[in-house]
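Visitor: the following comprises the amino acid sequence and a computationally predicted model.
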Amino acid sequence: MKNVAWLMFALLAGSLSVSGCGVGVHDGGSTSDDVTDVELALSAVPAGIQCVRVTVMAGSTALAPQSLPVTAGASSASLNLGPLPVGAATFNGAAFNATCTTVTGSTVANWIAVPVTTTLSLGVTNKVTMTFLPNNPVSVNANFIPAPVELALGSDSTRVRMADGTVREWGLLPNNAFVTQPTVVAGLNDAVQIASGSSEMACARRAAGGVSCWGSAMLWGGSGFTQTPVPINIATPVGQISLGQSFGCGSVQNRITCWGANDFGAFGNGSSGFVGAPAFVGSFAPKISPGRTHACLVGSDGGVGCSGDNTYGQLGLGNTTSTTQPFRIDGATGTVDLAAGAFHTCALRGDGTVRCWGLNSRGQLGDGTTTQRTSPVQVVGINDAVHVVAGEEHTCVLRQAGTVSCWGKGSTLGDGSGVDRSTPADVPALSGVIALDSHIGRHTCAILTDRTLKCWGENESAQVDGTQVWAAKPTTVVLQ
């Protein structure tokens, strides 16, 4: 007995549906157990359709496409699909506003059938319903932009390292170049870490282990300004780089190497004065954070030591005496993250709390006062921080839930009020943050889980979004 495959074709546009159907069997004297003739039941064929093409994949065998001329309103038609073996079979179809004689393999179908897979069995009527949907191709322009992975903010500039190793920068750049849109740093495509200081200097650690800087070449032993990165004479490999206002430091082979302005002894090696090329200044520290004219480091035991300018107590030593040697700070133990702002310093402890000290004129220490502190005080209401950043007169933390809280100078906080706050205030409508920075500047930027970049704060140098208009709340920055 031969199998009968019964295909009901529904060409649907809106509410069109299947109507009548028929079965036709052609014996032809054959004794093989396969399907031979199939009668198609067509329902309300739309105007314009002149050809239906059906293809079948039966097991591992692909049958040649079969075409059927049709007319609008056709109710039935016969189409011989050829012998179909028992077992799994997948039916595909396409309909064209063209005669079958003109349809080729490259002709774009006006209607496409949803593929149907069924199992053809012996002794039963095998029914297959194919539904055709309008084929409306959509042309899409796709712009592939590398994802931001790291932030490095300066006093009046913003830099972002992209996943492909390139760097974008905008704001007040070296040699007083004023750039309002994110611009690719020429000659740099292998950055693995970046750092910013003032508008005078920026640096990048490169994949090969060396460091290249741009800006004032005087700060690393050269002369003039350069807008493109220049390799500096520093031993490799470098583990981390950090920049202060006009100086830089890096960890090299378990030792700290620094270069640039050292007027207050921030390098912590017992001396002061300009250092024209990277030079060894002290033993290894897991993290060093330079501020404007001071620097602090975290030891392997979680202790903190600071050196340099101490005019506002930013060294945390209980006094305002500057020093060229780093002394251990009482009350800053268990530190896992550190941020030196312009004239204050904050340390994040392993329990999620934060301690700050130094200048507090705008409430940047977060202890509920504007009283200057020469020793660490605890920030109010923060016990779930995972990262801390310090700007010129404000401080922010990234919290475990991916949100951000800030305190200090009102125009830099992102809460929309513009009011100074001496205790943390949440940045509204900001979640999923994975990277945050505000190094010695008056603005802050965050990278979100979807790789969106948002910045807020003072914007006089276009360092937020190129508009030079104060960004009271986070604004999206488009990276090109």
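Guide: On my side now, so go ahead.

Visitor: every contact and neighbour count from this point should use C-alpha atoms.
Guide: OK.

Visitor: how distant is stretch 132-147 from the center of its chain?
Guide: 22 Å (C-alpha atoms, centre = their mean, to the nearest Å).

Visitor: over to stretch 267-277?
Guide: With C-alpha atoms, centre = their mean, you get 38 Å for stretch 267-277.

Visitor: buried residues, that stretch. List them.
Guide: 267-269, 271-272, 274-277 (16 or more other C-alpha atoms under 10 Å).

Visitor: any idea how far residue 188 is from residue 356?
Guide: Using C-alpha to C-alpha, to the nearest Å, residue 356 is found at 36 Å from residue 188.

Visitor: quick one: which of the two has more around it?
Guide: Using other C-alpha atoms under 10 Å as the criterion, residue 356 and residue 188 rank with residue 356 on top: 30 against 16.

Visitor: how much space is there between that one and residue 305?
Guide: When residue 356 is compared with residue 305 (using C-alpha to C-alpha), they lie 13 Å apart.

Visitor: now do residue 200
Guide: 27 Å.

Visitor: in the stretch 201-350 of the chain, which spans are strands?
Guide: Taking DSSP state E, counting those that start in this stretch as the criterion, the stretch 201-350 of the chain carries its strands at 201-206, 211-216, 225-231, 238-243, 247-252, 255-260, 275-283, 287-290, 294-298, 304-308, 323-328, 335-340, 344-349.

Visitor: who does the last one touch, helix- and strand-wise?
Guide: Packing partners of strand 344-349 (3 or more C-alpha pairs under 8 Å, 6 or more residues apart in numbering; DSSP states H and E): strand 335-340, strand 354-358, strand 385-390.

Visitor: given it, what are its sheet partners and their directions?
Guide: strand 335-340 (antiparallel), strand 354-358 (antiparallel) (DSSP bridges).

Visitor: ok, and what's touching it?
Guide: 312-315, 332-340, 354-360, 364-365, 385-390 (C-alpha atoms under 8 Å, 6 or more residues apart in numbering).

Visitor: my guess is residue 114 contacts residue 129, does it?
Guide: No. Residue 114 lies out of contact with residue 129 (C-alpha atoms under 8 Å); the separation is 9.7 Å.

Visitor: so for those two, which sits in the more crowded spot?
Guide: Using other C-alpha under 10 Å, the more surrounded residue of residue 114 and residue 129 is residue 129, with 18 against 15.

Visitor: which strand residues bridge the more buried one?
Guide: Note on residue 129: beta-bridge partners by DSSP bridges are residue 8.

Visitor: just to revisit the earlier point, most tightly surrounded among the helices and strands packed on strand 344-349?
Guide: Mean neighbours per residue, mean count of other C-alpha atoms under 10 Å, is largest over those for strand 354-358, with a mean of 29.

Visitor: just the CA trace of the next helix or strand after that strand, in PDB.
Guide: Using DSSP states H and E, the helix or strand that directly follows strand 354-358 along the chain is strand 373-378. Listed next in PDB are the C-alpha coordinates belonging to strand 373-378 (Å, rounded to 0.1, in the frame of the first residue of the first chain):
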ATOM      1  CA  ARG A 373      40.200  65.900  59.200                       C
ATOM      2  CA  THR A 374      43.900  65.000  59.600                       C
ATOM      3  CA  SER A 375      43.000  61.400  60.600                       C
ATOM      4  CA  PRO A 376      40.600  58.900  59.000                       C
ATOM      5  CA  VAL A 377      36.900  59.200  59.700                       C
ATOM      6  CA  GLN A 378      34.200  56.800  58.600                       C
END
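
Visitor: name the residues that touch strand 373-378?
Guide: Strand 373-378 is contacted from outside by 312-320, 329-332, 353-360, 365-367, using C-alpha under 8 Å, 6+ apart.

Visitor: on that earlier part again, can you lay out the strands paired with strand 344-349 as JSON lines showing distance to residue 372?
Guide: As requested, these are exported to JSON lines (distance: least, C-alpha to C-alpha, whole Å):
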{"stretch": "strand 335-340", "distance to residue 372": "16"}
{"stretch": "strand 354-358", "distance to residue 372": "6"}
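
Visitor: okay, those strands in CSV with mean pLDDT and distance to residue 195 next?
Guide: Formatted as CSV, those follow (pLDDT from 0 to 100; distance: least, C-alpha to C-alpha, whole Å):
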stretch, mean pLDDT, distance to residue 195
strand 335-340, 96, 13
strand 354-358, 98, 23
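
Visitor: out of those, which is closest to residue 140?
Guide: strand 335-340 (44.5 Å; C-alpha to C-alpha).

Visitor: pull the residues that contact the closest one.
Guide: Counting by C-alpha under 8 Å, 6+ apart, 287-291, 294-298, 302-304, 345-350, 387-390, 439-440 sit against strand 335-340.

Visitor: quick one: distance of it to the chain centre.
Guide: Worked out by C-alpha atoms, centre = their mean, strand 335-340 lies 24 Å from the chain centre.

Visitor: just the CA trace of it, in CSV.
Guide: What follows is strand 335-340, C-alpha atoms only, in CSV (Å, rounded to 0.1, in the frame of the first residue of the first chain):
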residue,chain,number,x,y,z
THR,A,335,42.4,48.5,53.0
VAL,A,336,41.5,46.8,49.7
ASP,A,337,41.1,50.0,47.5
LEU,A,338,42.4,53.5,47.7
ALA,A,339,41.7,56.8,46.1
ALA,A,340,43.7,60.0,46.4
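
Visitor: follow-up on the earlier one: tell me which of the strands of the stretch 201-350 of the chain lies nearest to residue 448.
Guide: strand 335-340 (20.2 Å).

Visitor: between strand 304-308 and the closest one, find me the angle.
Guide: 20 degrees (axes from the mean of the first three to the mean of the last three C-alpha atoms, to 10 degrees).

Visitor: on that earlier part again, which of the contacts of strand 373-378 are buried?
Guide: Here, 16+ other C-alpha under 10 Å leaves 312-320, 329, 332, 353-360, 365-367 buried among the contacts of strand 373-378.

Visitor: which residues does residue 241 bridge with?
Guide: Applying DSSP bridges to residue 241, the residues it is bridged with are residue 250.

Visitor: if I look at it, how far off is residue 201?
Guide: For residue 241, the distance to residue 201 equals 13 Å [C-alpha to C-alpha].

Visitor: quick one, which of those two is more surrounded?
Guide: residue 201 (29 against 24).

Visitor: nearest residue to that one in space, please, no chain neighbours.
Guide: residue 215 (4.5 Å; C-alpha to C-alpha, 6 or more residues apart in numbering).

Visitor: what sits against residue 281?
Guide: Residue 281 neighbours (C-alpha under 8 Å, 6+ apart): 255-258, 267-269.

Visitor: how about TSV for these, with distance to residue 234 added?
Guide: Listed next are the contacts of residue 281 as TSV, based on distance: C-alpha to C-alpha, whole Å:
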residue	distance to residue 234
255	12
256	11
257	8
258	9
267	16
268	19
269	18
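
Visitor: out of those residues, which is nearest to residue 325?
Guide: Looking across these and measuring by C-alpha to C-alpha, the closest to residue 325 is residue 268, at 4.5 Å.

Visitor: per-residue pLDDT, the closest residue in space to the closest one that isn't next to it in sequence?
Guide: Of all residues not flanking residue 268 in the chain, residue 325 sits nearest, at 4.5 Å (C-alpha to C-alpha, 6+ apart). Note on residue 325: pLDDT of 93.

Visitor: now residue 325: how far from residue 241?
Guide: The value you get for residue 325 to residue 241, if C-alpha to C-alpha is used, is 20 Å.
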